[in-house]
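In: Predicted model and sequence below, questions to follow.
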Amino acid sequence: MSSGGGLAVANGQQLLASLPLPVAGLMSDHSIEEVKAAYDKLLAAARELGSKLDDPFMAMSFMGLEVIPALKITDQGLVDVDFFKLVDLFA
């Protein structure tokens, strides 16, 4: 299944909940009520799988922001944003 971007919770191959974000992979073209309902299902599915975070998707969204000072996870690996260099994961 392809949503054009968004958030999802899966258990193995089983999709438990999703929130498609087709506008640049970041925004929805649906009403706020529909987005909230889908987001609530995402949070419930994450909790069902054992997440203890109040909002695991918000926590993950901050992990990818390369502009926040510290080490950040990107699609290229772990980045030291002070030096804009990849960090070796193994010493």
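Out: Sure thing, it's come through. Numbering: from 1, shown residues only.
In: Give me the buried stretch members for the host helix or strand of residue 61, please.
Out: Here residue 61 is covered by helix 56-63, with elements defined by DSSP states H and E. Buried residues in helix 56-63, defined by neighbour count with 16 or more other Cβ atoms under 10 Å: 56, 57. Quick note: C-beta positions are derived from backbone N, CA and C, even for glycine.
In: Give the next helix or strand downstream of it.
Out: Taking DSSP H and E, what comes next after helix 56-63 is strand 71-74.
In: in its sheet, what does that following strand sit against?
Out: According to DSSP bridges, strand 71-74 forms sheet pairs with strand 77-80 (antiparallel).
In: and the strand it pairs with, which residues are buried?
Out: residue 79.
In: what are the ranges of the strands in this structure?
Out: Assigned by DSSP state E, the chain shows strands spanning 6-11, 14-20, 71-74, 77-80, 85-86.
In: right, and those - which one's nearest residue 35?
Out: Closest to residue 35 of these, according to Cβ to Cβ: strand 14-20, at 6.8 Å.
In: tell me the angle the closest one makes with strand 6-11.
Out: 170 degrees (axes from the mean of the first three to the mean of the last three Cα atoms, to 10 degrees).
In: quick check: domain ranges of this protein?
Out: The chain breaks down by automatic domain parsing into domains covering 1-52, 53-91.
In: Return the member of the ones you listed having the minimum mean pLDDT.
Out: Mean pLDDT across these is lowest at domain 53-91; the value there is a mean of 79.
In: Quick check: end-to-end length of that domain?
Out: Its first and final residues considered, domain 53-91 spans 30 Å by Cα to Cα, to the nearest Å.
In: now it, how far from the centre of its chain.
Out: Computed by Cα atoms, centre = their mean, to the nearest Å, the chain-centroid distance of domain 53-91 equals 13 Å.
In: quick one, longest helix in the chain?
Out: For the chain, the helix with the greatest residue count under DSSP state H is helix 32-48.
In: if we look at that helix, which residues are touching it?
Out: With contact meaning Cβ atoms under 8 Å, 6 or more residues apart in numbering, helix 32-48 is reached by 7-9, 16-19, 28, 30, 53, 55-57.
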